[in-house]
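[1] What follows is a predicted structure for the sequence shown.
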Amino acid sequence: MPNLPDLEAWAIFAKVVELRSFTAAAEELTISKATVSKAVSRLERSLGVQLFHRSSRHLSLTESGRELAGRAQQLLSLGEEAEDAARDEATNPRGLVRLAAPMSFGIAHVGPALPDFLALYPDIAIDLHLSDEVVDIVAGGFDAALRIGALPDSTLKARRLAPVSRHLVASPAYLESRGRPAHPSELKDHDCLCYAYLPNPESWRFTHKNGEEAHIRPSGPLRANNSDAMIPALKAGHGIALVPDFMLQQHENGQGLEKLLTEWSAPSVALHLVTPPGSLRPTRVTALVDFLAKRFGRSSWEKTHNSSPQTTESQMSQVRDSRS
């Protein structure tokens, strides 16, 4: 494997050529004259040529030095331009940010939020990927992801933004035809519309306000990997479904649907903002992360979406997500 170029030595050589002095180059670079001399000597040994004619009172380029001086200046200019661009990007965020989000939540809430973000940061572009399947954000090259649910363990960073409550609902037509369940155990005799990407879609768990717990195995005529796909069948009276609060609000605040077993609750879930491991990230990503955290954080969530789930403190935590 070939050695990498000694870019530091090339930059110091270019600065000596520009200022025509080892001493002046050392002063401008805030390093010692000995460091400058060693870098030039190191470059000469690497190239196998002499770059300067040196004397106690005179410094001049050799023929090889003159041939290489222009390229050294180009390397130095490119490095300075890169640093200037990075500093400018830190002050004025720009570039592409790739964001993943659940399909229904992304269409109902993330999409409508993005115009405000793009107005604040006109030099940032968003690549929004919507899917209910949990994507590998590191392998997929995503800068951040919004996720709803309990997060399995991983080395990713997760910020809990807002609680998401889930409600058991059905249409009046279904309840008139099949009756209203009084206990979760009665759901085994009902048609249930199931969301396929629950952590355990084969089991629904409920807890009564008095502490009683109940587990049922739902079955019915429809199972879908997107919650929106269940709503028409739900409203048409084909079954009972467990639906997150933001979807009920999205669909006309659940008009045409009735909440069931209101003294029972499904396990709490939450909206999380997940980012790859590591402490450093581009300012364009930080800008989007902070915007989403403010837009979908607990207080703004309750105000914007008129929900009243049990409040939970937003916090930064390390989580482990083997599928993310």
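    Thanks, I have it.
[2] Name the nearest residue to the residue nearest to the spatial centre of the chain, ignoring sequence neighbours.
    The geometric centre of the chain, computed from its C-alpha atoms, lies nearest to residue 144 (CA atoms, centre = their mean), at 0.8 Å. In this structure, residue 144 finds its nearest non-sequential neighbour in residue 275, 5.0 Å apart by CB to CB, 6 or more residues apart in numbering. Glycine gets a C-beta too; all of them are placed from N, C-alpha and C.
[3] sec struct for residue 31, please.
    Taken by DSSP: H, G, I helix; E, B strand; the rest coil, the conformation at residue 31 corresponds to coil.
[4] ok, it - how many residues close by?
    One way to gauge burial is a neighbour count; for residue 31, by other CB atoms under 10 Å, it gives 14.
[5] if we can go back for a sec, per-residue confidence for the residue nearest to residue 144?
    Residue 275 is assigned a predicted lDDT (pLDDT) of 90.
[6] repeat for residue 197
    Residue 197 carries a pLDDT value of 75.
[7] What of residue 252?
    Model confidence at residue 252, expressed as pLDDT, equals 57.
[8] hmm, back to that, ok, the residue nearest to the centre of the chain - contacts?
    For residue 144, the contacting residues are 97, 98, 99, 100, 137, 273, 274, 275, 285, 288, 289, 292, by CB atoms under 8 Å, 6 or more residues apart in numbering.
[9] Please indicate which of the residues you listed are buried?
    Buried members of the contacts of residue 144, counted by 16 or more other CB atoms under 10 Å: 97, 98, 99, 100, 137, 273, 274, 275, 285, 288, 289, 292.
[10] Among these, show me the least confident.
    Lowest-confidence member of those: residue 137, scoring 86 (pLDDT).
[11] Now do the same for it: helix, strand or coil?
    Using three-state DSSP, the three-state assignment for residue 137 comes out as coil.
[12] if I read this right, it contacts residue 274, doesn't it?
    Yes: with contacts defined as CB atoms under 8 Å, residue 137 counts as touching residue 274 at a distance of 6.6 Å.
[13] Can you pull out the low-pLDDT segments for the protein?
    Within the chain, the stretches with pLDDT under 70 are 1-2, 84, 88-90, 150, 152-154, 199, 250-255, 279-280, 298-324.
[14] what about the helices in it?
    Along the chain, the segments classed as helices by DSSP state H run 7-19, 22-29, 33-47, 63-91, 103-105, 111-120, 172-178, 231-235, 245-250, 283-296, 298-305.
[15] any chance of those helices in CSV, plus distance to residue 257?
    As requested, these are exported to CSV (distance: least, CB to CB, whole Å):
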stretch, distance to residue 257
helix 7-19, 65
helix 22-29, 70
helix 33-47, 74
helix 63-91, 48
helix 103-105, 16
helix 111-120, 22
helix 172-178, 8
helix 231-235, 7
helix 245-250, 7
helix 283-296, 24
helix 298-305, 17
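[16] From residue 258, how far off is residue 179?
    13 Å (CB to CB, to the nearest Å).
[17] which one of the two has more residues nearby?
    With neighbours defined as other CB under 10 Å, residue 179 and residue 258 compare such that residue 258 has more, 16 against 11.
[18] Show me the beta-bridge partners of the more buried one.
    Per DSSP bridges, residues listed as beta-bridge partners of residue 258: residue 170.
[19] how about it, what does it touch?
    Residues in contact with residue 258 (CB under 8 Å, 6+ apart) are 169, 170, 171, 172, 175.
[20] Pull stretch 276-287 out as PDB, backbone CA atoms only.
    Written as PDB, here are the backbone C-alpha positions of stretch 276-287 (Å, rounded to 0.1, in the frame of the first residue of the first chain):
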ATOM      1  CA  PRO A 276     -26.000   7.500  14.500                       C
ATOM      2  CA  PRO A 277     -23.400   7.100  17.200                       C
ATOM      3  CA  GLY A 278     -20.700   9.700  17.600                       C
ATOM      4  CA  SER A 279     -20.500  13.100  19.200                       C
ATOM      5  CA  LEU A 280     -19.800  15.100  16.000                       C
ATOM      6  CA  ARG A 281     -22.300  15.800  13.300                       C
ATOM      7  CA  PRO A 282     -22.600  18.500  10.600                       C
ATOM      8  CA  THR A 283     -24.400  21.700  11.600                       C
ATOM      9  CA  ARG A 284     -27.100  21.000   8.900                       C
ATOM     10  CA  VAL A 285     -28.000  17.800  10.700                       C
ATOM     11  CA  THR A 286     -28.000  19.600  14.100                       C
ATOM     12  CA  ALA A 287     -30.300  22.200  12.700                       C
END
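[21] ok, and what's touching that stretch?
    Taking CB under 8 Å, 6+ apart as the criterion, the residues outside stretch 276-287 that touch it are 89-90, 93-97, 117, 120-121, 124, 137-138, 142-144, 155-157, 275, 289.
[22] which of those residues count as buried?
    When burial is judged by neighbour count using 16+ other CB under 10 Å, the buried members of the contacts of stretch 276-287 are 93-94, 97, 117, 121, 124, 137, 142-144, 156-157, 275, 289.
[23] Please give the number of neighbouring residues around residue 202.
    Neighbour count for residue 202, taken as other CB under 10 Å: 9.
[24] Compute the distance between the closest residue to it other than its chain neighbours and residue 138, please.
    In space, residue 202 comes closest to residue 217 once its chain neighbours are excluded; the distance is 6.1 Å by CB to CB, 6+ apart. Residue 217 is 35 Å from residue 138, where distance means CB to CB.
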